[in-house]
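Enquirer: What shape does this take:
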Amino acid sequence: MNSFDSYDFLLLPHGGQNHSTFDVSIPDGVQFDNTLERSIYYNHFDGFTARSTGGLDRTHSYFAKLGIKEFVNLVTATDNYSPQHYPDGKSKEAAPFIRTWMLASPTFKGLRLALSESSRLLYGEKPDVWAECIKHVSLKNDHIDIDVSLTPGLNVVIGGSSSGKSLFVDSVYRKIVEQFDQSEYLSTPYGVQDIEVDNPAGQAPHYLPQNYIMKVCDQRDKENKIDDISILRSVFPADVEESREIANGLSELSSKLASLIHAVKEIQSLEEELLRIPKLSHLIVTETIHGNPPAGYTKRSDHGIVQLWPAVIQPTCETARRY
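Expert: Residues are numbered from 1 along each chain as shown. Reported below is the predicted structural model:
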């Protein structure tokens, strides 16, 4: 493997239906650590090949066990060593070849991306209709040069700080909906209002500006909430019964917290009263007290012990027992 380090390549092991690969490639009785297996697939294999999509249940189960099923996907390929007979199989009895179509650029980078996202791969006959998308964006003048081709699926704009990522996305959206009046880039010399967007579907995308996301994530901002995002309300409609249960649970929790805080304050108050007594042991005596203390402040027990200040001691004990 080290000899390939100087090259940009794709490594796709063949997982054919009749080959001893993947789940049965290790002899019986040999333990192979799952962490090592997972590392090999993550770091070396971009996907795997087979003649068709059938007979791969054990392979998919094996990848699912390793937790890599969503990242290591199939691209169909013939096992015929003769290009003249492509794409027929090596065996005349082999099942018909199943083609793979990908929603990505027809490059090795596009293939690598598609193999990591199963939603970009289709198997069988050529699809009649491809997903419509924004195909191309361009803007060129003395201050800026944009020439970007987009593909179906996820497109990510990557760049350093202040490299124009937000300007690009914001201007594409505003060009489609024809609303440049609120663009913060309108007063710049970039001429964003002249941007050209090839949008054959004519669909208006949902746009969440970066500043708005920051406001939603700011817990101190009470005006902008995640529930206000229209696309989220459509995808995750509110459940009235669930919302009611959540509200009742929060109300009950608030009530219990209030009771707990009240109990803590009461205990702290009683502790302060006890601290005013120099020595608590001096309140309990074993000898007869001569005199006539006020009624309610003395009580003789069965053992002849005189107890003082029940007005303080008894409530304290009751409170401690309750909490």
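
Enquirer: Return the list of helices and strands in contact with the helix or strand in which Glu271 is found.
Expert: Using DSSP states H and E, Glu271 sits within helix 240-275. On a contact count with 3 or more C-beta pairs under 8 Å, 6 or more residues apart in numbering; DSSP states H and E, helix 240-275 meets helix 310-322. Every C-beta, even on glycine, is put in place using the N, C-alpha and C of the backbone.

Enquirer: Can you show me the strands along this protein?
Expert: Using DSSP state E, the strands found in the chain span residues 48-50, 74-76, 100-102, 121-123, 136-140, 145-149, 196-198, 284-285, 298-300, 306-308.

Enquirer: out of these, nearest to Lys175?
Expert: Set against Lys175 and scored by C-beta to C-beta, these come closest in strand 196-198, at 4.7 Å.

Enquirer: Pull out the buried residues from the closest one.
Expert: Val197 (16 or more other C-beta atoms under 10 Å).

Enquirer: Identify the residues contacting that strand?
Expert: Contacts to strand 196-198, defined as C-beta atoms under 8 Å, 6 or more residues apart in numbering, come from residues Ile134, Lys135, His136, Val137, Ser138, Leu139, Val172, Lys175, Ile176.

Enquirer: Now for the last one: which residues touch it?
Expert: With contact set as C-beta under 8 Å, 6+ apart, Ile176 has these partners: Ile134, Val197, Asn199, Ala204, Pro205.

Enquirer: circling back: out of the strands of the chain, the one nearest Arg244 is which?
Expert: In terms of C-beta to C-beta, the element of those nearest to Arg244 is strand 121-123, at 42.6 Å.

Enquirer: by contact count, what packs against the closest one?
Expert: Applying 3+ C-beta pairs under 8 Å, 6+ apart, one finds that strand 121-123 contacts strand 74-76, strand 100-102.

Enquirer: any idea how far Leu56 lies from Lys90?
Expert: The gap separating Leu56 from Lys90 is 18 Å, by C-beta to C-beta, to the nearest Å.

Enquirer: Between these two, point out the one with more neighbours.
Expert: More crowded of Leu56 and Lys90, by other C-beta atoms under 10 Å: Leu56, with 18 against 13.

Enquirer: Now Lys175: closest residue in space, sequence neighbours ignored.
Expert: Nearest non-adjacent residue to Lys175, counting by C-beta to C-beta, 6 or more residues apart in numbering: Val197, 4.7 Å away.

Enquirer: Over to Pro13?
Expert: Leaving aside its chain neighbours, Pro13 sits nearest to Phe48 (5.3 Å; criterion: C-beta to C-beta, 6+ apart).

Enquirer: What does the pLDDT read for that neighbour?
Expert: Per-residue confidence (pLDDT) for Phe48: 87.

Enquirer: ok, it - how many residues close by?
Expert: Phe48 has 23 neighbours, counted by other C-beta under 10 Å.

Enquirer: How far away from the center of its chain is the helix holding Glu271?
Expert: 33 Å (C-alpha atoms, centre = their mean, to the nearest Å).

Enquirer: average pLDDT across that helix?
Expert: Averaging pLDDT along helix 240-275 gives 85.

Enquirer: And for stretch 103-116?
Expert: For stretch 103-116, mean pLDDT is 87.

Enquirer: now stretch 150-169
Expert: The pLDDT scores in stretch 150-169 average 87.

Enquirer: tell me which residues in it are buried?
Expert: Leu150, Thr151, Pro152, Ser166, Leu167, Phe168, Val169.

Enquirer: again with stretch 106-115
Expert: For stretch 106-115, the neighbour count (16+ other C-beta under 10 Å) marks Leu111, Leu113, Ala114, Leu115 as buried.

Enquirer: and what of stretch 138-151?
Expert: So for stretch 138-151, counting by 16+ other C-beta under 10 Å, buried means Leu139, Ile144, Ile146, Leu150, Thr151.

Enquirer: May I have the distance across that stretch, first residue to last?
Expert: Using C-alpha to C-alpha, to the nearest Å, the end-to-end distance of stretch 138-151 comes to 15 Å.

Enquirer: Contact partners for Arg51?
Expert: Shown in contact with Arg51 (C-beta under 8 Å, 6+ apart): Gly16, Gln17, Thr76, Ala77, Thr78, Asp79, Gly89, Ala94, Ala95, Phe97, Ile98.

Enquirer: Name the member of these with the shortest distance to Met214.
Expert: Nearest to Met214 among the contacts of Arg51, with distances taken as C-beta to C-beta, is Thr76, at 44.7 Å.
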